[in-house]
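Enquirer: Here is the input, now give the coordinates:
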Amino acid sequence: MMCGILCPTSGEVYVNGLDVYKNRKKVNKELGVVFGQKTQLWWDIPLIETFEILKSIYDISDEDYNERFEYLKKLLDLDEFLNQNVRSLSLGQRMRADFAASLIHNPKILFLDEPTIGLDVLVKSNIRKAIKELNKKYNTTVILTTHDMSDIEELCSRIIIIDKGSILYDGSLSDIKYQFGNTKTIIFNIDENFDDTKLREYSEKLSISVEDNICSVKFSLNEIELDPLLMFLIKVYKIQDFKILDIGIEEISKKLYEGNKKN
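Expert: Next up, the predicted model:
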């Protein structure tokens with residue numbers, strides 16, 4: 001519906017101040033779209049020809065096309081397969097190519113639907129880096145729909161969580177963490193003589209678990225300050241190594257969905 005392909009049965013959809021369905025051609029000139037499992041590339045021709053076709057479709061000037069093509073080619077490392085037929089590209093290569101194709105006309109808004117699904121760690125990292133750079137360089141608005149929580153934590157400044165058509169949350173990542181516990185977990189190595197008595201006396205609001213040679217201390221920053229607790233641990237126990245984990249957006253989303261089902 002946001003792309004103007006489907007007409008809503010009720011309500012209205014506006015993108016960049018325009019009714020999408022009534023102004024589909026005008027709106028689509030300012031949109032870029034990437035679907036994780038669907039390609040906009042021409043299957044049987046070399047990738048370079050796809051970009052040339054898109055240049056004509058969007059009526060891009062030679063100067064603008066050359067500037068953006070060179071930038072995207074370098075950003076997404078397209079050189080090695082520009083002259084290959086699209087059907088011969090790997091999933092990672094095709095996703096990078098699809099990403100470049102959606103941006104060749106310098107859209108004001110970029111829709112990404114599961115853009116990193118099925119990609120290996122390196123390609124996923126490169127795609128995320130490209131999204132950040134494009135947002136910074138061209139001030140492109142990026143709307144990302146995904147079930148990959150690491151994508152959200154890495155990329156999103158604003159989060160909207162939806163369940164069965166209802167908005168459960170709309171705000172920043174830091175705010176949602178604060179609202180839903182603002183939890184941190186300190187994990188550190190312990191020796192066989194470890195005694196958690198003093199730690200339990202520090203605060204009854206600490207959730208402590210000990211397994212093998214690892215101690216985990218979970219707590220809410222709304223109730224306990226991190227720095228004093230760390231100083232206490234270092235002073236009382238012989239800690240060689242430790243790490244601090246934030247509450248994940250996946251855990252927060254689970255709480256939201258479970259709470260919505262109860263209601």
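
Enquirer: following the helix ranked longest in the chain, which helix or strand shows up next?
Expert: Secondary structure of the chain per DSSP state H: the longest helix is helix 121-138. The C-terminal neighbour of helix 121-138 among helices and strands, as given by DSSP states H and E, is strand 141-145.

Enquirer: Residue 112 and residue 145 touch, don't they?
Expert: Yes. Look at residue 112 against residue 145 with Cβ atoms under 8 Å: they come within range, at 7.2 Å. Placement of C-beta: from N, CA and C, glycine included.

Enquirer: which residues of the stretch 1-150 of the chain fall in helices?
Expert: Ranges of helices within the stretch 1-150 of the chain are 24-28, 47-57, 62-76, 91-103, 121-138, 149-155, based on DSSP state H, counting those that start in this stretch.

Enquirer: got any ranges where the stretch 51-200 of the chain has weak pLDDT?
Expert: Along the stretch 51-200 of the chain, the model assigns pLDDT under 70 to residues 181.

Enquirer: again, only this time at 80
Expert: 117-119, 174, 177-182, 192 (pLDDT under 80).

Enquirer: give me phi/psi at the residue lying closest to residue 147 once chain neighbours are set aside?
Expert: Spatial nearest neighbour of residue 147, chain neighbours left out: residue 114 (7.1 Å); criterion: Cβ to Cβ, 6 or more residues apart in numbering. When quoted as degrees, to the nearest 10, the phi and psi of residue 114 stand at phi 50, psi 50.

Enquirer: Check residue 45 too.
Expert: When quoted as degrees, to the nearest 10, the phi and psi of residue 45 stand at phi -120, psi 160.

Enquirer: Please look at it and residue 86 and confirm they touch.
Expert: Yes. Here residue 45 reaches residue 86: they are 6.9 Å apart, a contact under Cβ under 8 Å.

Enquirer: So if I had to pick from those two, which one is more boxed in?
Expert: residue 86 (20 against 14; other Cβ atoms under 10 Å).

Enquirer: Could you report the neighbour count for residue 64?
Expert: Neighbours of residue 64 (other Cβ under 10 Å): 14.

Enquirer: quick one: it and residue 71 touch, right?
Expert: No. Between residue 64 and residue 71 there is no contact under Cβ under 8 Å: 10.8 Å.

Enquirer: just the strands in the stretch 101-250 of the chain please.
Expert: Assigned by DSSP state E, counting those that start in this stretch, the stretch 101-250 of the chain shows strands spanning 109-113, 141-145, 159-163, 166-171, 183-189, 207-211, 214-220, 242-246.

Enquirer: so which of these comes closest to residue 39?
Expert: strand 109-113 (12.4 Å; Cβ to Cβ).

Enquirer: Please report the distance of the residue lying closest to residue 205 once chain neighbours are set aside from residue 32.
Expert: Spatial nearest neighbour of residue 205, excluding adjacent residues (Cβ to Cβ, 6+ apart): residue 223 at 5.0 Å. When Cβ to Cβ, to the nearest Å is applied, the distance between residue 223 and residue 32 equals 44 Å.
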